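> Next one to model:
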Amino acid sequence: MLPSVVVRKVPRAPLVLFRGHKNPHLASALKPLDPVMYDPKQRLIFLEFQFIWRFVFFWARTRSLQIAAVLAFLKVAETDVICMMENTDKLVNVAKSLRWSDYFRQFLSVQMVKVQHGQDLRRSGVAKTRYGILAVWGASTARTFPSFGRSEEYFVVTGPLQDAHYRELRSGLKTPKRRGLCVVSTVKDTEWWGPPVTVRRRGYDALISYIARYSSDSGLPVSVALTVDRTIQNGEDQAKLERDYFVTRFGNECFFPDTSRSFGGLVANEENDVLAESNKMRFSSYVLSDACELTIGATGSTLWESFGRGNRVLAVNLTDDPAFDFPIAGPWAMRQPTYESFSARCDELRNMSEEDYLRLSATARRDLIHYDEYDRPAARLLRLVRLLHESESAKTAIKALDTIKSA
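Predicted coordinates for the structure are as follows:
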């Protein structure tokens, strides 16, 4: 794809949200700082001498029109801070295994803030060079992610933006409780529709067989927290493939929420449950997990966030790979259980009083998912980015993050 020529000067952009249009929660959190949204896929060429000169300079060093256009824009726009969701830090040079952040580190003098997108399953060696900040969901992540081969230098606890937004919205919702089990779907496209069948899928298939048997033994119905961004790929309807996977195993009586609606058709005050164009504004899996007796899954951020909200969860790893373990040990997590021990644990969690479960899980919930009603994740991220503009170093900004709150 060739670049597009724009007949105007490069705007000044001290704060850039890299592909910020893809995440409304990130854009909303940093809106008070008037960020500039930048999409590298546009490949814009500005007819301005400084831009053209920089573009040629970066093209000569990267041999990529897209990378050169991005670097030239950020340089001429005098960008101080770049913020993005971590999943948008894509590999742009596959041959050299270089991501966008690698090019920013090499060619620009900017602060880099990435925001945790979900669970990190990488378990590679510790990165040789580290750069930038990762805003993470909780203290547990800040402790463990550095050993997962991450490239960030600092890990700062802010909390999950999407989960926090849902917490704010749910106070105005009437959500009837549902009898039975909520199963978290981690069914994906190319990873799932083989061949080969991955270790992760084999473990998940085994877990689903456990749940089907337990549902039959206990008489409990099954509801499935579906992914909300399944699309048509290579002529196949990924949403249908996902539903068919569960119907095959649980039968036609298993329940699916409406993933096109904000709250999945699960709330009593239906006027709030509108069609949501952005999948980031769809919370059907959140509502379903809140409503059901017990939420069961293998891995994934939905389990983490549900646990953080105080729901009873059971994360089950039926593989030998510790990458698929729940990050905090407790009765809510199992590795390689027999069906009998799995069934007994489900009964134990379901029969535990609400008071006992909340007391037992309190420390772990706070450690995994940070949420402070008086210092919400969006406020913490905003304060961190503002401090980066004002401070001489990232270390100084991070140190001031909580000092300012308590002042």
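> what about stretch 309-316, how long is it end to end?
Terminal residues of stretch 309-316 are spaced 19 Å apart (CA to CA, to the nearest Å).
> Tell me who's in contact with the residue nearest to Asp217 when sequence neighbours are not counted.
Spatially, and ignoring its direct neighbours in sequence, Asp217 is nearest to Ser343 (6.8 Å; CB to CB, 6 or more residues apart in numbering). In short, each C-beta sits where N, CA and C put it, glycine included. By CB atoms under 8 Å, 6 or more residues apart in numbering, Ser343 lies in contact with 210, 213-214, 217.
> Including secondary structure, neighbour count and pLDDT, could the residues you listed go into CSV?
Formatted as CSV, those follow (DSSP: H, G, I helix; E, B strand; the rest coil; neighbours: other CB atoms under 10 Å; pLDDT from 0 to 100):
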residue, secondary structure, neighbour count, pLDDT
Tyr210, helix, 18, 98
Arg213, helix, 13, 98
Tyr214, helix, 19, 98
Asp217, helix, 12, 97
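> Pass me the low-pLDDT residue ranges in the stretch 1-150 of the chain, would you?
Scanning the stretch 1-150 of the chain for pLDDT under 70 picks out the ranges 1-3, 122-127.
> where do the helices sit along it?
Listed in chain order, the helices of the stretch 1-150 of the chain (DSSP state H, counting those that start in this stretch) span 24-29, 49-62, 65-76, 100-107, 139-144.
> Deepest in the core, which of those is it.
Comparing the helices of the stretch 1-150 of the chain by mean neighbour count (mean count of other CB atoms under 10 Å), helix 65-76 ranks first with a mean of 23.
> now what about that one, what contacts it?
With CB under 8 Å, 6+ apart as the criterion, helix 65-76 contacts 1-3, 10, 13, 16, 38, 40, 43-46, 48, 50-51, 54-59, 62, 82, 92-93, 100, 103-104, 107-108, 110.
> Extract the CA atoms of it and return them as PDB.
C-alpha atoms of helix 65-76 as PDB (Å, rounded to 0.1, in the frame of the first residue of the first chain):
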ATOM      1  CA  LEU A  65       7.700   3.600   3.700                       C
ATOM      2  CA  GLN A  66       5.200   3.000   6.500                       C
ATOM      3  CA  ILE A  67       7.800   3.000   9.300                       C
ATOM      4  CA  ALA A  68       9.500   6.100   7.800                       C
ATOM      5  CA  ALA A  69       6.200   7.900   7.600                       C
ATOM      6  CA  VAL A  70       5.300   7.200  11.200                       C
ATOM      7  CA  LEU A  71       8.800   8.200  12.600                       C
ATOM      8  CA  ALA A  72       8.800  11.400  10.500                       C
ATOM      9  CA  PHE A  73       5.400  12.400  11.800                       C
ATOM     10  CA  LEU A  74       6.300  11.800  15.400                       C
ATOM     11  CA  LYS A  75       9.600  13.600  15.100                       C
ATOM     12  CA  VAL A  76       8.200  16.700  13.300                       C
END
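> got the angle for that helix vs helix 100-107?
Per axes from the mean of the first three to the mean of the last three CA atoms, to 10 degrees, the angle that helix 65-76 makes with helix 100-107 is 60 degrees.
> Tell me which stretches of the stretch 101-250 of the chain form strands.
111-115, 133-136, 154-157, 178-184, 222-225, 232-233, 236-237 (DSSP state E, counting those that start in this stretch).
> thinking again about what came up before, please convert the helices of the stretch 1-150 of the chain to TSV, extending it with distance to Pro221.
Shown next, in TSV, are the helices of the stretch 1-150 of the chain (distance: least, CB to CB, whole Å):
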stretch	distance to Pro221
helix 24-29	32
helix 49-62	55
helix 65-76	50
helix 100-107	45
helix 139-144	33
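> for the ones you listed, which one sits closest to Gln336?
helix 139-144 (20.7 Å; CB to CB).
> just checking, what packs against that closest one?
On a contact count with 3 or more CB pairs under 8 Å, 6 or more residues apart in numbering; DSSP states H and E, helix 139-144 meets strand 154-157, helix 354-368.
> and of the strands of the stretch 101-250 of the chain, who's closest to Ala291?
Across the strands of the stretch 101-250 of the chain, Ala291 has its closest neighbour in strand 178-184 (4.5 Å, CB to CB).
> what comes up buried for the closest one?
By neighbour count with 16 or more other CB atoms under 10 Å, strand 178-184 contains the buried residues 178, 180-184.
> Check for me that the residue nearest to Asp217 belongs to a helix.
Yes: assignment of Ser343 by DSSP: H, G, I helix; E, B strand; the rest coil places it within a helix.
> Gln111 - how many residues pack around it?
Using other CB atoms under 10 Å, Gln111 has 24 neighbouring residues.
> So which residues of the stretch 301-407 of the chain form helices?
Using DSSP H, counting those that start in this stretch, the helices of the stretch 301-407 of the chain run over residues 301-308, 339-351, 354-368, 377-390, 394-406.
> Columns mean pLDDT and distance to Glu78 on top of those helices, output as TSV?
Listed next are the helices of the stretch 301-407 of the chain as TSV, based on pLDDT from 0 to 100; distance: least, CB to CB, whole Å:
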stretch	mean pLDDT	distance to Glu78
helix 301-308	96	35
helix 339-351	98	54
helix 354-368	97	39
helix 377-390	95	12
helix 394-406	81	18
